[in-house]
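# Requesting a structural model of the entry that follows:
(2 chains)
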Amino acid sequence: MGQRIDINHLNVYYGDFLAVQDVNMRIQANKVTAFIGPSGCGKSTVLRTLDRMHEITPGAHVSGQVLLEGRDLYGPDVDPVEVRRDVGMVFQRANPFPTMSIRENVLAGIRLNKKHIAKSDADDLVEWALRGANLWNEVKDRLDKPGIGLSGGQQQRLCIARAVAVHPQVLLMDEPCSALDPISTLAVEDLINELKRDYTIVIVTHNMQQAARVSDYTAFFNLKAVGQPGHLVEMDDTTTIFSNPHEPDTERYISGRFG
Amino acid sequence: MASRTDRGPVIDFDRFRPTRSSIRARKRKDRLMTVLIGLSFLVALIPLVSVLWVSLSKGVRRLTPDFLTHNMSGVVGGNPTPTGGYGGILHAVIGTLEITFGSMVISIPVGVMCAVYLVEYAHGGRLAKAIGLMVDVMSGIPSIVAGLFAFSMFALVVGPGTVNGLAGSVALSLLMLPTVVKTSEDMLAVVPNDLREAAYALGVTKQRTITSIVLRTALPGIVSGTILAVARVIGETAPLLIASGFIATTNPNLFSGRMTTLPVFVYNEYSQGLAVCGPGADPGCLTDIHMQRAWAAALVLILIVLLLNLLGRLVSRIFAVGRTR
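Residues are numbered from 1 along each chain as shown, chains lettered A, B, ... in the order given. Next up, the predicted model:
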């Protein structure tokens, strides 16, 4: 089952630079939440704070709270490595491990953590994860072939299978379709719709039609000017955001009359 | 004032079109450069082929099983030994392999870990810059200085006048280290950041990410870089002459006693000039035996480097990163 995320007064800094200011939102369990907004508004940055991936960037830090089902991800005794086991992530560019086969890629999260898994369990897990990612029928005969031999869309679904195989509660997607053709995009969008039964999904997208198609809730981020921090303008039901937003900025962005 | 319109600046763009004569000139230049580049390639090939040909033709005569299975003990002048040969290089082959292996054991872990620090941990800090500078300086150290360094280090640590195989390994590892660090650093740096992020996002620790993803992906490149470094030091003569000395008998112990290597053997044979075959000498006495042995040993050294290269390629191929179709 997916878990709920509450974000309270979240500020994100890169060194001294305040990149995102005072974000407050609730991300519902087992729903798809889309982050939209212009480039540089901090939507990817906020997404990356949800599994503490921003900490890879030297100097990046946050203040405020991110609660996963009530548990503070930034608590003093919380290990970022543990957080990332509960909160999976799929990236803009498909990034299967080039040294691994399709099967090894799916099992990477478990194998790399030095966990032993019986062969029959591994077989089951691979099939389950690949079926979950709508990829099983396409690759079941070549599980031992390299993962990067697949097409772009298949690679992205392999990455989703790899993320799903460690049983996270939340799945973060950072523009997962921006490098894919329309048919592969459709396959991934269908998949997102199925995945929300089991996971809470947060997706960053530049494609507003995509946000309208796949998400239940939409959060619009904006920034006042270049060099100013980004902020959350508003968040609501996707239908409300796209048909009847509260803020004029949102309306202008949605309708393409922006900037 | 009037030159700007909505259609952009008023410029006669036809002037920028290539003219017929300029196209002809370009084609002439293209042919000329093709010929020049081909010629440079041939010029570069001449010494290479010549070296290979001379070592092969001069070395193959003395390259007998007896030569490969005996050392130089009991060899007098140009006289044949009781086994029918004229002495051999077994001791030098063993010495070269052991000393080179020793230098690999020292420099590869240090070099690779140094590169891991530089790429994964240092984030271009002051220490990283200092290390980078040191590595560049180190790659310019004359090999004789490395030999003297190893000799004096062992004199201080073990005792004055200590000469053994390990001292040679230390000297060679100093020469290898910069190459290993540089190539490993380059190879680690080209591992896409996407892969590190992918591993972190799966809840993999930094240590496992580095060992299982980053180093694994960079492995083929690190192997070829290391082989290159080995090939560079395996032919070193001067530092080994100082640090490991010269001996006619086989000494399999890297940690004690003098040890001959192939380059030192070649140098020693060459420096002895012609052998004396006096009136009472054996009828099989050869005056040019030193030269014959030198060429044969040189050929064996070339073959060892070749074998190492093939081995490196094999390892690289086995661990090759799957290509996009």
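
# Flag the shaky bits of the chain, pLDDT-wise.
With no chain named, the answer covers chain A. A:257-259 (pLDDT under 70).

# ah, no, chain B please
Using pLDDT under 70 as the threshold, the predicted model of chain B has low-confidence ranges B:1-7, B:322-325.

# mind redoing it with 90?
When residues are selected by pLDDT under 90, those of chain B lie in B:1-22, B:61-62, B:73-87, B:122-125, B:161, B:228, B:232, B:273-288, B:312, B:315-325.

# so B:V266 touches B:A298, yeah?
Yes: the pair B:V266 and B:A298 passes the contact test of Cβ atoms under 8 Å, sitting 5.3 Å apart. Heads up, the C-betas are built off the backbone N, CA and C, glycines and all.

# Please list the outside residues in contact with stretch B:194-205.
Applying Cβ atoms under 8 Å, 6 or more residues apart in numbering or on different chains, the external contacts of stretch B:194-205 come out as A:51, A:53, A:56, A:81-85, A:88-89, A:91, A:93, A:95-98, A:108-109, A:112-113, A:159, A:162-163, A:166, B:206, B:208-209, B:212-214, B:217.

# redo that, cut-off 6 Å
Residues from elsewhere that reach stretch B:194-205, judged by Cβ atoms under 6 Å, 6 or more residues apart in numbering or on different chains: A:V81, A:R84, A:R85, A:M89, A:R93, A:N95, A:G109, A:L112, A:V166, B:T209, B:I213.

# For A:L10, which three-state class applies?
For A:L10, the reduced secondary structure class is strand; criterion used: DSSP: H, G, I helix; E, B strand; the rest coil.

# tell me the contacts of it?
When contacts are taken as Cβ under 6 Å, 6+ apart, A:L10 is in contact with A:V23, A:G64.

# Next: A:L172.
For A:L172, the contacting residues are A:L47, A:L50, A:M89, A:V202, by Cβ under 6 Å, 6+ apart.

# Keep only those of these that are in helices.
Assigned to helices by DSSP state H, the following of these qualify: A:L47.

# ok, and the most crowded of the contacts of A:L172?
With neighbours defined as other Cβ atoms under 10 Å in any protein chain shown, the most crowded of those is A:V202; it has 27 neighbours.

# My guess is that residue contacts A:T33. True?
Yes: judged on Cβ atoms under 6 Å, A:V202 makes contact with A:T33 at a distance of 4.9 Å.

# Now for the residue of the stretch 101-250 of chain A found nearest chain B, how many residues are close by?
When Cβ to the nearest Cβ is the measure, the stretch 101-250 of chain A has its nearest residue to chain B at A:P146, with 2.9 Å between them. When counting by other Cβ under 10 Å, one arrives at 22 neighbours for A:P146.

# is it in a bridge, and if so with what?
Per DSSP bridges, residues listed as beta-bridge partners of A:P146: A:S101.

# dump the residue contacts of A:T200.
Contact criterion Cβ under 6 Å, 6+ apart gives A:G2, A:Q3, A:A29, A:V170 as the residues in contact with A:T200.

# rerun at 10 Å
By Cβ atoms under 10 Å, 6 or more residues apart in numbering or on different chains, the contact list for A:T200 reads A:1-5, A:27-33, A:50, A:68-69, A:87, A:168-172.

# Just those: which are in strands?
Here DSSP state E is the test, and the contacts of A:T200 give A:I5, A:I27, A:V32, A:T33, A:L68, A:V87, A:V170, A:L171, A:L172 as lying in strands.

# Of those residues, which is the nearest to B:M187?
Of all the ones in strands among the contacts of A:T200, B:M187 sits closest to A:L172, with 30.4 Å by Cβ to Cβ.

# Can you report phi and psi for A:D72?
When read as degrees, to the nearest 10, the backbone of A:D72 gives phi -70, psi 120.

# Test my guess that it contacts A:N8.
Yes: if you go by Cβ atoms under 10 Å, A:D72 and A:N8 touch, sitting 9.4 Å apart.

# what residues are shared contacts of the two?
Jointly contacting A:D72 and A:N8 under the rule Cβ under 10 Å, 6+ apart are A:Q65, A:V66.

# near chain A, which residues of the stretch 51-200 of chain B show up?
Within reach of chain A by Cβ under 10 Å from any Cβ of the partner chain, the stretch 51-200 of chain B has these residues: B:123-125, B:191-200.

# farthest-separated two in these?
For these, with distances taken as Cβ to Cβ, the pair at the greatest spread is B:G125 and B:A198 (25.7 Å).

# Would you mind telling me which of these two has the busier surroundings?
When B:G125 and B:A198 are compared on other Cβ under 10 Å, the one with more neighbours turns out to be B:A198, at 27 against 12.

# Distance of that one relative to B:L52?
46 Å (Cβ to Cβ, to the nearest Å).

# All set, thanks.
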